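Asker: below are the sequence and a predicted model for it; my questions follow.
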Amino acid sequence: AQSVTQLGSHVSVSEGALVLLRCNYSSSVPPYLFWYVQYPNQGLQLLLKYTSAATLVKGINGFEAEFKKSETSFHLTKPSAHMSDAAEYFCAVSEGDNQGGKLIFGQGTELSVKP
Amino acid sequence: GAGVSQSPSNKVTEKGKDVELRCDPISGHTALYWYRQSLGQGLEFLIYFQGNSAPDKSGLPSDRFSAERTGGSVSTLTIQRTQQEDSAVYLCASSPDSRGHNEQFFGPGTRLTVL
């Protein structure tokens, strides 16, 4: 069975500092991995996804994530935080192309950015 | 173009009443997903449709929950005899098809409050 663990329900950084949000997954087959962001009172928006091409994936708003199979991780980073990055971030996994595409989400990490 | 829309945006109901939540997916998207977001449970998969068929209903919490999709487009999630634990935000997403590598496009959600 698939599962996703996000370490840290709340992360606080200063503006301009490195953002690191951690995600570890469990999957019985090579997974597809996603990071979504949710701004207050809005739906989820895709930041980036890993689909077995390059292991370092670049997304929108300066975010990137690296797929590390040996560590079963897909951590999200951004070199310099901006106030507008404050939101909740969700890591998700889906298995293969024949399983219907349902997403299994982590519990989410709320990112706060201090001026 | 138009994104995924959901109605109503907010719904307050009394315990024991039935409610219907509507989702209009992006035109041409054959896959449609329902998720529930609650404080205690995070983001949970409920059901997905490929066309008008629902191959995976495994996330529906009880037989009080049902969903249908007609014409390969609009979907309705129905909750009968609502309970207070049904209070949550119900999110709908659509995708070009149900292969796992596809991005899912999320609607803004329906916030359901059961008094």
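Answerer: Sure thing, it's come through. Numbers count the residues shown, from 1 in each chain, chains lettered A, B, ... in the order given.
Asker: flag every residue of chain B that's near chain A.
Answerer: On the criterion CB under 8 Å from any CB of the partner chain, chain A has as its neighbours in chain B the residues B:4, B:31, B:33, B:35, B:42-45, B:48, B:50, B:55-56, B:59, B:91, B:93, B:95, B:97-109. Where C-beta positions appear, they are placed from N, C-alpha and C, glycine not excepted.
Asker: redo that, cut-off 7 Å
Answerer: Within chain B, the positions lying close to chain A (CB under 7 Å from any CB of the partner chain) are B:31, B:33, B:42-43, B:45, B:48, B:55-56, B:91, B:95, B:98-104, B:106-109.
Asker: please spell out the PyMOL selection for the buried subset of the residues you listed.
Answerer: Isolation of the buried members of these (16 or more other CB atoms under 10 Å in any protein chain shown) is achieved in PyMOL through the command below:
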select buried, chain B and resi 31+33+42+43+45+48+56+91+95+98+99+100+101+102+103+104+106+107+108+109
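Asker: what sits against the spatially most central residue of chain A?
Answerer: Centroid check for chain A by CA atoms, centre = their mean gives residue A:35 as the closest residue, at 3.3 Å. Applying CB atoms under 7 Å, 6 or more residues apart in numbering or on different chains, we find residue A:35 in contact with A:47-48, A:59, A:65, A:76, A:89, A:91.
Asker: highest neighbour count among these?
Answerer: Per-residue neighbour counts (other CB atoms under 10 Å in any protein chain shown) across the contacts of residue A:35 peak at residue A:91, which has 29 neighbours.
Asker: how close does that one get to chain B?
Answerer: Residue A:91 sits 11 Å away from chain B, taking CB to the nearest CB, to the nearest Å as the criterion.
Asker: next one: phi and psi at that residue?
Answerer: Dihedral angles of residue A:91 (phi, psi; degrees, to the nearest 10) stand at phi -100, psi 140.
Asker: so it touches residue A:74, yeah?
Answerer: Yes - the pair formed by residue A:91 and residue A:74 meets the contact definition of CB atoms under 7 Å, at 6.3 Å.
Asker: residues that sit against both of the two, list them.
Answerer: Where contact means CB under 7 Å, 6+ apart, the residues bridging residue A:91 and residue A:74 through contact with each are residue A:23.
Asker: which ones are touching residue 108?
Answerer: In the absence of a named chain, chain A is used. A:6, A:88-90, B:42.
Asker: you looked at the wrong chain, it should be chain B
Answerer: Counting by CB under 7 Å, 6+ apart, residue B:108 has contacts A:42-43, B:6, B:9.
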